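1. whatever this is, show me its structure:
(one chain, ligands or ions: 2)
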Amino acid sequence: MLNHALAESLGLDATILAQPESHGIFTGNQIPKGTEPIAQAYAGHQFGHFTGLGDGRAILLGEHLAPNGARFDIQLKGSGRTPFSRGGDGRAAMGPMLREYIISEAMHALGVPTTRSLAVASTGELVFRNDELPGAVLTRVAASHIRVGTFQWAAAHEDTAALRALADHTRQRHFPEIADDASRHIAFFRAVMHRQCALVAKWLHVGFIHGVMNTDNMALSGETIDYGPCAFMDVYDPSAVFSSIDRQGRYAYEKQPEIARWNLARLAEAILPLLHDDEKTAVDLANEALGEFEAIFQSHWLAGMRNKLGLMTDEPRDRDLIHAWLEWMQQNRMDFTHSFRALSDEKSLATPCFADDAFAGWHTRWHERLARQPQCFTDVATHMRSHNPAVIPRNHKVEEALAAVSDHGDLSVLERLLCALAKPYADRDDEYTCPPPASTTPYRTFCGT
Ligand code: AMP
Ligand code: MG
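-> Ligands and ions are numbered 1, 2, ... in the order given. Here you go, the predicted model:
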């Protein structure tokens with residue numbers, strides 16, 4: 001499976017890459033000229049516990065300059081053992097790699113910063129998990145693979161020179177606008193924090209649950225990375241968790257901002273020696289910056305929610321209006337994506353699930369609010385449709401596509417799903433926009449090993 005559109009935007013020739021002779025590049029059997037593959041070391045807090053890690057099943061082929069000057073890492077995931085594989089085989093199974101391909105491409109189309117998937121190549125070998133599974137390698141394209149855990153690795157080695165070099169490199173790569181002066185490291189930290197706030201707010205706006213927000217899975221670039229047990233929620237439930245290993249709900253939907261802040265505190269700790277020679281002053285600087293997290297996150301969250309509800313002006317009571325809507329959705333177990341989208345279409349609101357006094361009351365209040373802004377409802381509805389997707393990678397559709405591949409070797413279901421996901425804001429009303437049929441078994445996800 002090759003992502004032609006992505007290949008072209010990177011300035012790569014998709015027709016050459018699609019030829020059988022190129023297959024070896026995407027399985028790691030053929031090293032492209034000029035590449036010096038490396039596995040990166042990192043550390044990280046996994047479910048709150050600190051540990052040494054590293055690319056156990058990933059190999060960075062190198063950096064690539066796109067025609068527009070943007071620099072990308074190109075990495076193979078699942079290509080075999082590395083010095084960081086510990087007990088693992090360094091390999092990946094086809095199902096989870098195709099799942100990452102689907103969801104990361106969907107996130108990109110939704111406008112959420114993310115690593116992308118250039119290809120999934122079958123290795124022709126089996127990998128052994130609970131079952132024997134077909135092996136595959138995913139080619140991941142990322143602004144970089146520098147993680148909070150990369151900084152934690154340098155800090156754990158008490159190597160301030162390495163830490164400073166890493167901070168300077170990351171700042172120059174991802175935040176070139178920050179001046180190279182004495183306060184550059186705290187400015188860098190704030191910039192990272194701003195991007196994480198914007199990112200996690202976007203996750204909440206589309207109903208995305210990352211599932212494994214360990215510090216090694218948080219990229220300094222502000223891209224979503226590491227699509228293991230992630231999932232989109234159907235029914236709106238702030239405490240939604242899908243990952244089979246997240247038994248405490250540490251990474252539940254509504255916990256994500258708090259966890260992002262916790263992870264940023266670990267980054268701040270790691271870079272303390274760079275912030276000031278005096279430790280107390282360094283801690284004060286870090287705490288002052290971290291103290292801004294909540295207000296920054298809330299402003300991103302509120303701006304996005306205003307867009308979703310078509311609130312084109314700012315009124316102080318908007319937050320109450322938004323919360324009242326979310327509470328109504330929660331109490332009535334409404335589908336998150338479908339309900340937001342329905343608000344811009346009077347016909348959808350005429351269906352029985354909205355025939356409810358509490359909804360009618362909220363709807364009147366919302367329309368009174370809309371009447372106080374200059375835009376007409378037609379314009380507001382168009383604006384709302386560009387912020388409320390009709391199509392998300394719903395769990396049952398993703399599973400259906402993966403099952404067609406694994407049961408019958410049929411890629412057509414997956415290709416149709418990818419087509420629908422590529423235009424998530426377009427008007428449609430079909431199998432891709434429909435919430436799943438009611439089910440008694442909760443959806444569960446697994447780390448993609
Ligand atoms: P993740 O939960 O995907 O972020 O992975 C956590 C750590 O386990 C990372 O350091 C991975 O490189 C490593 N890992 C995951 N799967 C494998 C595997 N099959 N073989 C070796 N290492 C792995
Ligand atoms: Mg990871």
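
2. near ligand 2, which residues of this structure? Just list them.
-> By C-beta under 5 Å from the ion, the residues of the chain that approach ligand 2 are Asn217, Asp226. Heads up, the C-betas are built off the backbone N, CA and C, glycines and all.

3. ok, and the helix or strand in the chain with the lowest average confidence?
-> helix 346-349 (a mean of 92; mean pLDDT, DSSP states H and E).

4. what's it in contact with?
-> The contact list for helix 346-349 (C-beta atoms under 8 Å, 6 or more residues apart in numbering) reads Arg341, Ala342, Leu343, Phe354, His363.

5. after that helix, which helix or strand is next?
-> helix 357-371 (DSSP states H and E).

6. can you give me the buried ones in the helix or strand just after that next one?
-> Counting by DSSP H and E, the element after helix 357-371 in chain order, helix or strand, is helix 377-385. Neighbour counts using 16 or more other C-beta atoms under 10 Å place Val380, Ala381, His383, Met384, Arg385 of helix 377-385 among the buried residues.

7. give the contact list for the last one.
-> It stands for Arg385. Counting by C-beta under 8 Å, 6+ apart, Arg385 has contacts Arg341, Ser344, Tyr425, Asp427.

8. can I assume the last one sits in a strand?
-> No. Assignment of Asp427 by DSSP: H, G, I helix; E, B strand; the rest coil gives coil, placing it outside any strand.

9. OK, contacts around Leu98?
-> Met1, Val120, Ala136, Ala401, Leu402, Val405, Leu414.

10. which pLDDT does the model give the last one?
-> In other words, Leu414. Per-residue pLDDT puts Leu414 at 98.

11. for it, pull up the helix or strand it's in.
-> helix 412-422.

12. could you list the buried residues of that helix?
-> Val413, Leu414, Leu417, Leu418, Ala420, Leu421.

13. same question for stretch 47-61.
-> Residues of stretch 47-61 classed as buried by neighbour count (16+ other C-beta under 10 Å): Leu53, Gly54, Asp55, Gly56, Arg57, Ala58, Ile59, Leu60, Leu61.

14. mean confidence score for it?
-> Averaging pLDDT along stretch 47-61 yields 97.

15. may I have that stretch as CSV, with CA atoms only?
-> The C-alpha trace of stretch 47-61 is given here as CSV (Å, rounded to 0.1, in the frame of the first residue of the first chain):
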residue,chain,number,x,y,z
PHE,A,47,2.0,4.9,32.7
GLY,A,48,3.9,7.1,35.2
HIS,A,49,7.0,4.9,35.6
PHE,A,50,10.4,6.0,34.3
THR,A,51,12.3,3.6,32.1
GLY,A,52,15.0,3.5,29.4
LEU,A,53,13.7,2.8,26.0
GLY,A,54,14.7,3.5,22.4
ASP,A,55,13.6,2.5,18.9
GLY,A,56,13.0,-1.2,19.5
ARG,A,57,11.3,-1.8,16.2
ALA,A,58,12.0,1.3,14.2
ILE,A,59,14.9,2.5,12.0
LEU,A,60,15.3,6.0,10.9
LEU,A,61,16.4,6.0,7.3
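
16. let me have the buried residues of helix 412-422 in JSON lines, adding distance to Phe26 as columns.
-> Conversion of the buried residues of helix 412-422 to JSON lines gives the following (distance: C-beta to C-beta, whole Å):
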{"residue": "Val413", "distance to Phe26": "22"}
{"residue": "Leu414", "distance to Phe26": "17"}
{"residue": "Leu417", "distance to Phe26": "21"}
{"residue": "Leu418", "distance to Phe26": "17"}
{"residue": "Ala420", "distance to Phe26": "25"}
{"residue": "Leu421", "distance to Phe26": "22"}
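
17. show me what contacts the closest residue to Gly111 other than its chain neighbours?
-> Closest residue to Gly111 apart from its sequence neighbours, by C-beta to C-beta, 6 or more residues apart in numbering: Lys202 at 7.3 Å. Counting by C-beta under 8 Å, 6+ apart, Lys202 makes contact with Gly111, Val112, Pro113, Phe208, His300, Gly304.
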